[in-house]
Structure formats: C-alpha cells, structure tokens
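Peer 1: build me a model:
(one chain, ligands or ions: 1)
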Amino acid sequence: MERSSSVIQPVQQKHPGKPKEVDEKKEDGKLQVEQETTDEVLADQKVMAGEAQDRRNIWEPSVYYALGKESFYFAGHGISIRESLDTYGALIWPGAIALCQFLENNQQQVSLMDKAVLEIGAGTGLLSIVASLLGAWVTATDLPDILSNLTFNLLRNTKGRCRYTPQVTSLCWGQDLERDFPYLSFHYDYVLAADVVYHHDCLEELLKTMRHFCRPGSRTTLLWANKIRFQSDLRFTESFKSSFNATLLTELPQHEVRIYKATAK
Ligand SMILES: C[S@@+](CC[C@H](N)C(=O)[O-])C[C@H]1O[C@@H](n2cnc3c(N)ncnc32)[C@H](O)[C@@H]1O
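Peer 2: Predicted coordinates for the structure are as follows:
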C-alpha cells in the first residue's frame, strides 16, 4: 500500500524515503554552509508543513508558554531551537537533551552514519537535528499541530550541513500505522523517542507504535530517553521491558533521566 499523498513523500531507495546525499558545496576543501534568512526558512517550512498538516488533531494540550529560543552545541554545530506557544511539543524536554548528549558521546556504540532513523514525538526537533548532523537520514514525526515549528527548526539547523535532508510527517501514535508506514516498505535502523511518556492517555497507543516499528525480524533498535516523573512512567517502563529486550544504557540521576535501548523479543 502506498503512503497517502498528504505525507511528505520519500524517494524509494535503500530505505523508503532515503534521499540522495545532499550536494555539499566545497571550496578550498571547506564545506560552505548556506546561510538562510528566516524568511527563506519560513517559505520552505510553509511548503513542507502544508503538505504534512492535514491529519486529524487528536491531542489538545492545556499548557501555554511564551515564545523563546534555546541554543545548543552538538555534533560540531551551533543549534538554535525556536520554542513556541501552545503545546508540550513546542518545548525542549530533558530526555531530548540527554539523548543528544548520549548520541554525541557514544558514536562508536551507536553509529547513526547513513542509518535510517525515525523519531516519534519529536517536538521541537532538537534530537532529530542532532541525529541528522551525525549523518542519519531522519524522519521526524509528531502530531499535526506540532509540525510547523518542528519543520522550521529542522530546516534552520540542517540545511547545507547534513548528508541527508530530514523529513517531517505526521504520526499519531497507534493510528493508521500500517496504512501510513507499512511494515514491509518502511524499515528504520533506529527509532528515537525522548520524553514521550508523561501523564497522558495515549500510553497504549505509544507502545503499539513502538511495537509496529520494532518487531521480530526487523533489526530495528529503539532508543528511549525518559525523565521519571509519575507512577505512569514506572508502569510504562514495566510494559516496555516486557515488550522488548530492553537494556538500561545510562541513568542520569541528577536529572532523573534514563536511556533504554531495546530490540524486538
Ligand atoms: C513532552 S513532549 C517531548 C518532545 C521532545 N521529544 C523532547 O523531548 O523535547 C511529548 C511529545 O509527544 C507528542 N505526542 C503526545 N501525544 C502524542 C500522540 N498521541 N501521537 C503523537 N505524538 C504525540 C507531543 O506532541 C510532544 O511533541
């Protein structure tokens, strides 16, 4: 089955959607990083988000924040993240920062170079940006409402800097997975998830989504970083451990963040 036309369509290659390498403009052996104005980024973003943003909104947040900007330095690059109004997904969460640090510091253990990577609940896109800078072909996903800011941040921080242009598309946990990401066509080496577990009603759907992409025979590795906040985090962790072969990769006690690696049982 083909993906619906509303989703940003990948080009069929080794992995569905894995595009050709970005042309790197080199002069005197140096990579020329294209400088883009915010207007250009916004124009690109409008096109991408318009294509991706026609799915049903199923989750309405109740917390509203002021517009802000955060700066980071990962994988040899400054990263500027626009946080936004409205939703949990427009803020950077500790799980994302912890997983970015882990990926940067453990590139031999987890090599993302030329790997197909899916991020679920990508939020502002920080983790997807770092995975792209580390050489992965990334598809960043979240609820439709989140995609505009996600696309803006991805474009702003990856254009001209990455081997592969990251993709953005809507993925509502548990919904239309086989229609939009048919298992036989969509294979990812890594699925990334940061702070996707907190107090919400979609934990079963979240686990179903993880299982869809990380099933026996898939050779997909799931990397899940989570700050422990509620009983629901602990309950989900138990379900997660019984669903997958899970290993605790690291624990950051000062932030109460744990990072797990999991493969299908
Ligand atoms: C706490 S935020 C974490 C964002 C980002 N991963 C980070 O760590 O900065 C949780 C993310 O999960 C997304 N999310 C919540 N419920 C979802 C659902 N049912 N389907 C898809 N994404 C969902 C939210 O939109 C949000 O981006």
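Peer 1: now the strands for the stretch 151-265 of the chain?
Peer 2: Remark: strands assigned in the stretch 151-265 of the chain by DSSP state E, counting those that start in this stretch are 167-170, 190-194, 221-227, 244-252, 257-264.
Peer 1: kindly reformat those strands as a markdown table and extend each row with mean pLDDT, mean neighbour count and distance to Leu150.
Peer 2: Every C-beta, even on glycine, is put in place using the N, C-alpha and C of the backbone. Below are these laid out as a markdown table (pLDDT from 0 to 100; neighbours: other C-beta atoms under 10 Å; distance: least, C-beta to C-beta, whole Å):
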| stretch | mean pLDDT | mean neighbour count | distance to Leu150 |
| --- | --- | --- | --- |
| strand 167-170 | 98 | 26 | 6 |
| strand 190-194 | 98 | 26 | 13 |
| strand 221-227 | 97 | 24 | 18 |
| strand 244-252 | 96 | 15 | 25 |
| strand 257-264 | 97 | 20 | 22 |
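Peer 1: quick one: closest of these to Ser128.
Peer 2: Closest to Ser128 of those is strand 190-194 (C-beta to C-beta; 7.5 Å).
Peer 1: over to the closest residue to Cys202 other than its chain neighbours: give its phi and psi.
Peer 2: Nearest in space to Cys202, with sequence neighbours left out and distances taken as C-beta to C-beta, 6 or more residues apart in numbering, is Trp173 at 5.3 Å. When quoted as degrees, to the nearest 10, the phi and psi of Trp173 stand at phi -50, psi 130.
Peer 1: of all the strands of the stretch 151-265 of the chain, which one is nearest the ligand?
Peer 2: Relative to the ligand, the nearest member of the strands of the stretch 151-265 of the chain by C-beta to the nearest ligand atom is strand 190-194, separated by 3.6 Å.
Peer 1: got the angle for the closest one vs strand 257-264?
Peer 2: 150 degrees (axes from the mean of the first three to the mean of the last three C-alpha atoms, to 10 degrees).
Peer 1: strand 190-194 pairs with which strands, parallel or anti?
Peer 2: The pairing partners recorded for strand 190-194 under DSSP bridges are strand 116-120 (parallel), strand 221-227 (parallel).
Peer 1: does Leu150 really touch Ala122, like I thought?
Peer 2: Yes: counting by C-beta atoms under 8 Å, Leu150 does reach Ala122; the two are 5.7 Å apart.
Peer 1: what touches both of those two?
Peer 2: Gly89, Ser128, Ala140, Asp142 (C-beta atoms under 8 Å, 6 or more residues apart in numbering).
Peer 1: ranking the residues you listed by neighbours, who comes first?
Peer 2: Ser128 (32 neighbours; other C-beta atoms under 10 Å).
Peer 1: now that one: closest residue in space, sequence neighbours ignored.
Peer 2: Ala140 (3.8 Å).
Peer 1: so what are the sheet partners of the helix or strand hosting that neighbour and their directions?
Peer 2: In this structure, Ala140 is located in strand 137-142 according to DSSP states H and E. Applying DSSP bridges, strand 137-142 is found paired with strand 116-120 (parallel), strand 167-170 (parallel).
Peer 1: next, format the ones you listed as CSV and append distance to the ligand.
Peer 2: Listed next are the strands paired with strand 137-142 as CSV, based on distance: least, C-beta to the nearest ligand atom, whole Å:
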stretch, distance to the ligand
strand 116-120, 7
strand 167-170, 8
